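Asker: Can you look at this prediction? I've put the sequence above it.
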Amino acid sequence: MLIVWQRNFMNQQIVINNQLISYWHNETAGNVCLLFLHGWRSQKEVWDSVVLRIKDKGLGIYTIDLPGFGGSPAPHGSWSVGDYAEVVKGFIEKLELKTVIIIGHSFGGRVAIKLASEYSGVASKLVLVDSAGFVMQSSRKEVMATAAKIVRPLFKPKFMQNIRRKIYKGIGAEDYLATPELQKTFINIVNEDLDEDMKRIKIPTLIIWGENDKETPVEYGKRMGFLIPNAEFLILKNAGHFSFLDKPEEFAKALQEFINTDQLRRYGRSP
């Protein structure tokens with residue numbers, strides 16, 4: 001049966017640290033608030049399939065567009081992961097959210113890690129979904145970005161745009177080039193290793209990973225499981241980098257169980 005869900009409320013806006021932020025809220029005043037952070041080149045609506053499955057659970061649900069994506073304008077100047085974390089912290093404080101569980105996917109996971117590490121007490125639990133956070137491929141990314149700069153002048157004519165996109169995709173520089181106003185920010189972010197931040201996280205953390213993730217391999221998740229002191233690791237079978245979209249029912253069930261318990265279910269630590 002096809003389930004069609006439409007948002008019951010309009011998107012809202014708020015200014016945090018002189019930055020306009022677009023967000024959505026289900027307007028439920030629950031005792032627990034979920035705050036969803038999307039990945040790079042994504043936006044808040046990517047979480048709709050998850051929200052659909054938990055929206056009637058009495059939870060306050062917030063999805064936000066991080067600066068530079070969706071309805072939130074790009075920041076002025078180049079930002080670091082810490083700058084994004086400060087905005088999320090400001091969002092939580094300005095809306096006076098309590099008992100906040102942060103759910104971060106990919107780049108949103110980076111922001112969530114920095115937030116949980118730097119600001120004790122802002123979040124009560126953490127969920128990292130196919131998260132970024134290591135610099136294992138930073139040199140490769142720098143080479144790709146440099147290559148993209150070299151080939152870019154060759155493809156200025158409009159009729160070359162399709163070819164240009166294929167070549168950019170082939171050298172793996174799509175993320176860098178698709179958001180030109182965020183290129184320096186992108187370089188800052190992918191070159192920041194969060195190993196030490198992970199070690200400082202004290203709140204219960206659930207790490208969820210797609211077994212077929214090619215963007216952030218399963219090994220990344222296993223490593224996070226060891227570095228974060230109070231973490232559990234769950235693999236979703238037959239799922240990729242967007243594991244919560246590939247396996248929405250399994251993801252929502254794991255999330256709900258994590259929300260409802262004071263102690264982590266023993267999903268099984270990485271070997």
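Answerer: Looks like it came in fine. Numbering: from 1, shown residues only.

Asker: Out of the helices and strands in the chain, which is least certain?
Answerer: helix 138-151 (a mean of 46; mean pLDDT, DSSP states H and E).

Asker: how close does Val129 get to Asn188?
Answerer: 22 Å (Cβ to Cβ, to the nearest Å). Just so you know, the C-beta spots here come from the backbone N, C-alpha and C atoms, and that holds for glycine as well.

Asker: Those two: who's more crowded?
Answerer: Val129 (30 against 16; other Cβ atoms under 10 Å).

Asker: Quick check: that one touching Phe107?
Answerer: No: with contact defined as Cβ atoms under 8 Å, Val129 does not count as touching Phe107 (11.0 Å).

Asker: So Glu232 belongs to a helix, correct?
Answerer: No: counting by DSSP: H, G, I helix; E, B strand; the rest coil, Glu232 is not found in a helix; it is strand.

Asker: Can you name the residues bridging to it?
Answerer: Leu206 (DSSP bridges).

Asker: Give me the domain ranges for the chain.
Answerer: 12-135+192-260, 137-190 (automatic domain parsing).

Asker: Among those domains, show the one with the smallest mean pLDDT.
Answerer: Mean pLDDT is lowest for domain 137-190 out of the domains of the chain, coming in at a mean of 55.

Asker: Pick the most deeply packed of the domains of the chain.
Answerer: domain 12-135+192-260 (a mean of 19; mean count of other Cβ atoms under 10 Å).

Asker: Could you tell me the end-to-end distance of it?
Answerer: 28 Å (Cα to Cα, to the nearest Å).

Asker: How about stretch 203-221?
Answerer: End to end - Cα to Cα - stretch 203-221 spans 17 Å.

Asker: Also stretch 28-35?
Answerer: Stretch 28-35 end-to-end distance (Cα to Cα) = 13 Å.

Asker: again with stretch 220-236
Answerer: End-to-end distance (Cα to Cα), stretch 220-236: 14 Å.

Asker: From the chain's centroid, how far away is it?
Answerer: 16 Å (Cα atoms, centre = their mean, to the nearest Å).

Asker: Quick check: Asn212 touching Ile235?
Answerer: No: using Cβ under 8 Å, Asn212 is not in contact with Ile235, being 9.9 Å away.

Asker: hang on, Glu96 in a helix?
Answerer: No: using three-state DSSP, the secondary structure at Glu96 is coil, not a helix.

Asker: Before I go, just wanted to say thanks for your time.
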